[in-house]
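A.B. asks: Predicted model and sequence below, questions to follow.
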Amino acid sequence: MAVRVGSFIAACALAIVFVPTDLMFAGGGGGGARRAKGLSESAKEEVVKQASAVEDALALAPGDVDKLKQAAQSYLVLDDYPKALPFLERLVAADPSEENVSALAETWIADGQPSRAVEVFRTMIDVDVLGKDARASTPSSSLLRGYLDALGKAGRNGLALDYAKTFAKKGWVDEIDAQLLEARVYSSWKGHGKDAEAAYERVVNENPGDFRGYLAQGVFFRTAGKPDAAENAFRKAKSLAPADTAAVVNQVIAASKSSERL
């Protein structure tokens with residue numbers, strides 16, 4: 001699947017079911033950034049100039065979070081992951097937010113080093129769960145999803161499945177999200193397409209009133225080349241989704257469809 005630089009979907013309820021992508025990173029303007037493939041040569045030259053200017057500014061303020069993000073984004077737009085990675089690592093050191101950590105991990109994946117992504121996600125989860133702060137938080141669903149995705153890309157699908165089955169026991173995700181995580185692992189595991197389809201079917205059968213299962217199933221059917229089945233699942237998801245999540249559901253569906261054209 002093509003690497004994309006875009007905005008995170010900020011909805012916890014959809015964190016598990018969001019369309020699989022290889023790289024997500026929030027753009028300063030909220031609409032994401034264009035990839036090098038879609039840029040003209042003059043536009044690429046302009047991005048390179050901007051990146052150079054930001055690097056010059058960082059020489060005077062090496063810990064400037066905004067400038068570190070700008071530099072990383074510039075090289076991500078150009079698909080230059082080796083140059084983006086050092087800025088992302090510095091960004092995470094200065095601001096270890098989930099968004100920045102995820103961007104670093106997904107860039108390692110885009111650079112062909114998923115094992116490094118596993119390390120990044122595991123470190124973040126350890127900080128959340130084992131941190132010295134007595135109020136250490138539970139890892140978010142999207143962070144857990146990213147961790148399992150990275151394990152899968154590193155060829156450790158069996159381990160990812162084992163982890164998916166334990167998250168609910170730990171109370172980190174609810175039962176539906178745990179089932180969706182298992183289905184997600186299967187959906188990206190070569191040779192396990194039938195297992196994935198069965199897993200999504202189990203989610204919707206056991207939770208017919210929850211839109212998340214239908215939405216995830218629709219995304220799976222789109223990637224599996226079953227557009228009619230996907231449309232049926234999407235219709236059910238939209239009919240069941242609460243009003244305050246309708247816009248995000250539509251975004252997920254649109255992203256699922258557009259990803260096939262990338």
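C.D. replies: Noted; the coordinates are in hand.

A.B. asks: Sketch out the low-pLDDT regions of the protein for me.
C.D. replies: Flagging of the chain using pLDDT under 70 yields the residue ranges 1-38, 128-136, 259-262.

A.B. asks: That one: helices as residue ranges?
C.D. replies: With DSSP state H as the criterion, the chain has helices at 41-60, 65-77, 81-94, 98-110, 114-130, 141-153, 157-167, 175-187, 193-206, 211-223, 227-240, 246-259.

A.B. asks: Can you say which of these is packed in most?
C.D. replies: Stretch with highest mean neighbour count among the helices of the chain: helix 211-223 (a mean of 26; mean count of other Cβ atoms under 10 Å). Any C-beta I mention is one placed from the backbone N, CA and C, and that applies to glycine too.

A.B. asks: Report the distance from that helix to the chain centre.
C.D. replies: Centroid displacement of helix 211-223 relative to its chain, using Cα atoms, centre = their mean, to the nearest Å, is 16 Å.

A.B. asks: Relative to its centre, which residue of the protein is most distant?
C.D. replies: Most distant from the centre of the chain: Leu60, at 32.8 Å, with distances by Cα atoms, centre = their mean.

A.B. asks: Not counting residues beside it along the chain, what's closest to Leu85?
C.D. replies: The shortest distance from Leu85 to any non-neighbouring residue, by Cβ to Cβ, 6 or more residues apart in numbering, is to Thr107 (5.8 Å).

A.B. asks: ditto for Asp95
C.D. replies: Spatial nearest neighbour of Asp95, chain neighbours left out: Val65 (5.0 Å); criterion: Cβ to Cβ, 6+ apart.

A.B. asks: and what of Tyr200?
C.D. replies: Closest to Tyr200 by Cβ to Cβ, 6+ apart is Gln217, at 4.1 Å.

A.B. asks: who are the neighbours in contact with the one you found?
C.D. replies: Going by Cβ atoms under 8 Å, 6 or more residues apart in numbering, Gln217 touches Tyr200, Glu201, Val203, Val204, Ala233.

A.B. asks: and those as a markdown table, adding distance to Lys169?
C.D. replies: Below are these laid out as a markdown table (distance: Cβ to Cβ, whole Å):
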| residue | distance to Lys169 |
| --- | --- |
| Tyr200 | 21 |
| Glu201 | 23 |
| Val203 | 18 |
| Val204 | 23 |
| Ala233 | 28 |
